[in-house]
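**Q** Predicted model, plus sequence, below.
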Amino acid sequence: MKITTIILAAGKGTRMCSELPKILHKIANRPLLQHVYDMSSDLENNTIKIVIGHGAELVTEALSHLEADWIEQKQQLGTGHAVQQTSDQIADSDTVLILYGDVPLLKLTTVKLLINNVNDRSLALLTVNLADPSGYGRIIRNDAGQVTKIIEEKDATPDQKKINEVNTGIMAVQGKQLKKWLSRLNNSNAQGEYYLTDVIEMAVADQINIVTSWPETEDEVLGVNNRMQLSYLERIYQQEQANSLMARGVTLRDPMRFDQRGTLESLGQDIEIDINVILEGRNSIGSHVKIGANTTIKNSIIGDNVEILANCIIEDATIGQGSKIGPFARLRPESVLANDVHIGNFVEIKKSSVASGSKINHLSYIGDTTVGSKVNIGAGTITCNYDGANKFRTVIEDGAFIGSDSQLVAPVRIGKNATIGAGSTITKDSPENQLTLSRAKQISLAGWQRPVKKET
């Protein structure tokens with residue numbers, strides 16, 4: 001079966017009150033349209049066509065990486081008109097799946113069930129029963145329970161408005177049939193638009209069976225029209241991610257205060273995650289890892305038995321097993337820590353490697369640096385790696401001890417087992433196994449008087 005998926009994404013989204021096209025607003029840090037695309041791209045033998053309109057340039061620029069055919073609907077004259085823009089690109093034998101760019105939580109299993117109901121004598125329609133069907137087109141059935149048409153709310157009678165089964169807009173149909181019905185659409189309705197839903201009545205007239213199916217939950221088919229709905233679906237999505245992790249053995253101290261905005265490429269056992277943790281991008285987390293509250297981890301690899309204390313930010317970093325990070329530590333891109341490394345409070349590491357057993361425990365900045373094994377870097381140490389134009393590298397060899405409040409001015413090398421005296425500014429290489437320090441002579445002035453405030 002060859003599938004052609006049409007994603008309708010041309011709407012402005014006026015109620016979002018935003019300059020950004022609605023489909024570029026994000027859930028879990030991915031645009032709404034990206035969610036729909038990613039789900040549909042998992043269908044085999046599928047070609048994806050995206051109909052865009054409002055903010056077309058912004059959309060194609062933001063999502064240029066999508067492998068899809070972009071089709072512009074220059075005038076937004078309704079859903080039927082949007083699908084008409086694709087007619088000349090649909091083969092008669094295709095199974096055409098119609099989705100919406102602002103319905104981000106639709107599941108692949110639901111779509112596959114829908115597609116399996118399509119043949120040359122049937123059209124597959126996804127419907128849902130809502131306690132409050134306001135705003136949705138109602139499903140009209142005859143006495144035998146067969147779908148006869150869909151009536152939009154603005155065109156519905158008071159009795160029809162009482163119907164709880166509504167149209168999701170999501171359907172699948174054979175290409176040849178769809179093109180025939182699209183050519184017959186007219187805009188004789190309250191809105192003056194070309195409704196895609198009118199093809200249902202045409203299909204019934206052509207004795208095509210309307211086969212309905214339903215999503216597991218109504219949340220799957222909810223669209224986003226305003227910021228409140230966006231927020232609601234964000235929480236639904238995050239609850240699903242949390243439930244999935246807990247089913248895989250992760251302890252979440254409060255699933256309602258956890259966000260996963262990406263994928264976990266590997267996951268160990270006995271992981272504990274405290275509140276307000278955010279996982280972004282692609283991460284891997286080993287076994288027996290503890291992650292403290294208010295921590296953000298992005299595109300990083302966390303080894304076994306790592307403990308990350310509260311309020312840390314870790315981005316594009318690798319942390320070896322048995323290491324301890326934080327609290328209030330920041331690992332910036334290209335930070336690579338070996339096993340059993342300690343990075344303490346208010347320490348920032350950038351584009352540096354730290355070998356096994358080394359400790360940087362307090363109030364330090366280590367940038368563009370190679371740190372050897374079993375190095376101890378004291379509080380307040382700074383690698384001065386930038387001269388205002390260029391960056392230079394610092395090398396600290398195995399076993400070195402850097403005293404507190406030291407500045408290492410790159411390029412510079414601290415030798416093996418060297419000791420740097422506290423309060424030193426090091427501008428030249430320091431020999432191994434020696435103490436190196438630079439301090440001004442300390443003096444005390446007898447008879448010196450502290451200034452006092454003048455009386456006014």
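**A** In hand now; what should we look at?
**Q** And the strands in the stretch 151-300 of the chain, which stretches?
**A** Ranges of strands in the stretch 151-300 of the chain, per DSSP state E, counting those that start in this stretch, are 165-174, 209-213, 251-252, 258-267, 272-273, 277-285, 290-291, 296-298.
**Q** Quick one: closest of those to residue 42.
**A** Closest approach to residue 42 among these is made by strand 258-267 (13.7 Å; Cβ to Cβ). C-beta here means a position set from N, CA and C on the backbone, and glycine is covered the same way.
**Q** ok, residues contacting the closest one?
**A** With Cβ atoms under 8 Å, 6 or more residues apart in numbering as the test, strand 258-267 has contacts from 28-30, 238, 241-242, 245, 248, 250, 252, 273, 275-286, 298-299.
**Q** and what of stretch 393-400?
**A** Stretch 393-400 is contacted from outside by 355, 368-377, 383, 385, 402, 408, 410-420, 432, using Cβ under 8 Å, 6+ apart.
**Q** For that stretch, measure first residue to last.
**A** Stretch 393-400 stretches 17 Å from its first residue to its last (Cα to Cα, to the nearest Å).
**Q** Centre of the chain to stretch 109-120, how far?
**A** Centroid separation for stretch 109-120 versus its chain: 29 Å, with Cα atoms, centre = their mean, to the nearest Å.
**Q** Using neighbour counts, pick out the buried residues of that stretch.
**A** For stretch 109-120, the neighbour count (16 or more other Cβ atoms under 10 Å) marks 110, 111, 113, 114, 115, 117, 118 as buried.
**Q** for stretch 419-432, same thing?
**A** Buried residues in stretch 419-432, defined by neighbour count with 16+ other Cβ under 10 Å: 419, 420, 421, 423, 424, 426, 430.
**Q** my guess is the third one meets residue 430, correct?
**A** No: with contacts counted by Cβ atoms under 8 Å, residue 421 stays clear of residue 430, the gap being 10.2 Å.
**Q** Identify the contacts common to those two.
**A** Residues touching both residue 421 and residue 430 (Cβ under 8 Å, 6+ apart): residue 436.
**Q** circling back: please tabulate the strands of the stretch 151-300 of the chain in CSV and include mean pLDDT, mean neighbour count and distance to residue 323 as additional columns.
**A** Below are the strands of the stretch 151-300 of the chain laid out as CSV (pLDDT from 0 to 100; neighbours: other Cβ atoms under 10 Å; distance: least, Cβ to Cβ, whole Å):
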stretch, mean pLDDT, mean neighbour count, distance to residue 323
strand 165-174, 96, 23, 48
strand 209-213, 96, 19, 50
strand 251-252, 98, 16, 20
strand 258-267, 96, 16, 17
strand 272-273, 98, 21, 16
strand 277-285, 98, 19, 13
strand 290-291, 98, 20, 12
strand 296-298, 98, 21, 13
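**Q** what's the distance between residue 309 and residue 207?
**A** To residue 207, residue 309 is 68 Å away according to Cβ to Cβ, to the nearest Å.
**Q** returning to that earlier point: among the strands of the stretch 151-300 of the chain, which is nearest residue 157?
**A** Ranking these by proximity to residue 157 (Cβ to Cβ) places strand 165-174 first, at 15.5 Å.
**Q** tell me what that closest one is packed against?
**A** With contacts taken as 3 or more Cβ pairs under 8 Å, 6 or more residues apart in numbering; DSSP states H and E, strand 165-174 sits against strand 95-100, helix 108-115, strand 122-129, strand 138-141.
**Q** looking at those, which is buried most?
**A** Among the helices and strands packed on strand 165-174, strand 95-100 has the highest mean neighbour count (mean count of other Cβ atoms under 10 Å), at a mean of 24.
**Q** neighbour count winner among residue 309 and residue 207?
**A** residue 309 (20 against 7; other Cβ atoms under 10 Å).
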